[in-house]
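>>> This is the structure alone, sequence omitted:
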C-alpha cells in the first residue's frame, strides 16, 4: 500500500467521521469550559496547559511535515504557511494566555482527542502542500478565489478576536455569567466559534485552478474538493453544534 493510498483513505475517513461526531455530540456534552461541572473524562489539566497541549501539534506538525517533504516553499506555499501559523499561533498561545484567569480545567481525554485531530490535520495539509500537490504559480496569489478567501480569513479572525474580547470584558467586570450583548454577539450565538465556519468552510484561497470549492483558507486541491474539506466538514458541524449548545445554555433550555 502506497502513502498516496493511505493519504486518500485518511482524507475520506476524516470526511466521513465528521457527521458521525456531529450527531454524537448532539447527545454527549463534552466536559470542557463551563460544561466541565465535575464531569470526568480523565484527570484534568489546568485550562492553559490543556489548551496549549491540544493546539500545539497544529503549530508544529503542518510546517514540519511540509519542510521534511523536501519542497522549497514558493510564494504561494509561503502564503499558506503564514496564514496557517497566524491562526494557530493565536489559537495556541495568545487565546489561552489572555484568558488564563478564567479557563476551566481540560480533562486529559479531551486534550488527547484535540492532539490527535491536530496531528492528522497538520499531516494532511503539510504533506499535500509539500509533496502530493502539483505546485502553484505565483499568479495564484491574485486569483479572485485566493483574494476572497484571504478576506474571509481576515474577517473571521477579526470577529473571533473581538468576540473573545467582549467575553473577557464581562469576566473582568465580575457578576457571574452573563449573555454578551456587544458586537456580533447581538446577532449570533457564540460568534467566537461561528467565525471559524466561514474561515474553514467557505472557498478560501485554495489552489484549485478548476473549481470554486469548499475549502479552508489553507485548503489545497484534491480532485474537485479542497483537501481541507474534512476539516471544513468537521468545522461546520463543530461550530453549529457549539453555537446551538451556547444558545440553549443562554436561554436556559
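Everything's here; your move. Please read all numbers here as calculations on a predicted model, not as lab measurements.

>>> residue boundaries of the helices in the stretch 101-250 of the chain?
Taking DSSP state H, counting those that start in this stretch as the test, the helices found in the stretch 101-250 of the chain are 108-127, 144-173, 191-194, 196-201, 229-250.

>>> Does residue 96 lie in a helix or a strand, and which?
Assigned by DSSP states H and E, residue 96 belongs to helix 95-98.

>>> Could you point out which residue ranges in the chain have low pLDDT?
31-40, 175-177, 189-253 (pLDDT under 70).

>>> ok, 50 please
Applying pLDDT under 50 to the chain flags residues 201-230.

>>> and the closest residue to residue 178 other than its chain neighbours, how many neighbours does it have?
In space, residue 178 comes closest to residue 170 once its chain neighbours are excluded; the distance is 5.1 Å by Cβ to Cβ, 6 or more residues apart in numbering. C-beta coordinates here come from the backbone N, C-alpha and C atoms, glycine included. Around residue 170 sit 18 other residues, with neighbours defined as other Cβ atoms under 10 Å.

>>> One more: residue 115?
17.

>>> Skipping its backbone neighbours, what lies nearest it in space?
Among residues not flanking residue 115 along the chain, residue 57 sits closest, at 5.4 Å (Cβ to Cβ, 6+ apart).

>>> Same check on residue 50?
In space, and not counting its chain neighbours, residue 50 is closest to residue 106: 2.6 Å by Cβ to Cβ, 6+ apart.

>>> Can you name the residues that contact the one you found?
For residue 106, the contacting residues are 32, 44-47, 49-51, 53-54, by Cβ atoms under 8 Å, 6 or more residues apart in numbering.

>>> Equivalent analysis for residue 127, please.
For residue 127, the contacting residues are 7, 65-66, 69, by Cβ under 8 Å, 6+ apart.

>>> What about residue 9, how many residues nearby?
Neighbours of residue 9 under the rule other Cβ under 10 Å: 11.

>>> what helix or strand is it on?
Taking DSSP H and E as the criterion, residue 9 maps to helix 3-25.

>>> Which parts of that helix count as buried, going by neighbours?
Buried positions in helix 3-25, judged by neighbour count with 16 or more other Cβ atoms under 10 Å: 7, 11, 14-15, 17-18, 21-22, 25.

>>> Residue 93 and residue 55, how far apart?
Note on residue 93: its distance to residue 55, by Cβ to Cβ, to the nearest Å, is 8 Å.

>>> Which one's more surrounded, those two?
Under the criterion of other Cβ under 10 Å, the comparison of residue 93 against residue 55 puts residue 55 first, with 22 against 16.

>>> give the contact list for that one.
Shown here is residue 55, whose contacts under the criterion Cβ under 8 Å, 6+ apart are 88, 91-92, 114, 118.
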